[in-house]
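In: Based on what follows, work out the 3D shape:
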Amino acid sequence: MPYKTTKIKGGYQVKNKKSGRVVAKKTTKTKAKKQISLLNSIDKLKKHAKLHTKKHMDAMKKDIKKGISFSKAHMNATKKVGK
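Out: You can find the predicted model right below:
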């Protein structure tokens, strides 16, 4: 995915590799890793939304917020509401 963590004076920053935009400044390493994970999942959901209905995406988001993985949330949403 297009995000990376770099060490700077006073902590770490999260930066988009493609655009060069800094997403988070002066944070801890663990918070930076969590931020990257969140940003990657948001990007993944945006790409996934092009192929599925709003009901499907809403069901997936609900499951992901509960802590279920992307693939399991997709399976559950497919069973509940279809594509």
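In: Residue 20 should be in a helix, yeah?
Out: No. Residue 20 is assigned coil when assessed by DSSP: H, G, I helix; E, B strand; the rest coil, not a helix.
In: Could you number the chain from 41 rather than 1 from now on?
Out: Noted, 41 is the first residue going forward, which turns the last one into residue 60.
In: Mind pulling up the pLDDT for it?
Out: Per-residue pLDDT puts residue 60 at 86.
In: Report the contact partners of it.
Out: By Cβ atoms under 8 Å, 6 or more residues apart in numbering, no residues touch residue 60. Placement of C-beta: from N, CA and C, glycine included.
In: Please report the distance of it from residue 81.
Out: Separation of residue 60 from residue 81 (Cβ to Cβ, to the nearest Å) stands at 22 Å.
In: How about residue 72?
Out: According to Cβ to Cβ, residue 72 and residue 81 sit 15 Å apart.
In: Between those two, which is the more surrounded one?
Out: residue 72 (24 against 14; other Cβ atoms under 10 Å).
In: From what I see, that one and residue 53 are in contact.
Out: Yes. The pair formed by residue 72 and residue 53 meets the contact definition of Cβ atoms under 8 Å, at 7.3 Å.
In: No more questions from me, cheers.
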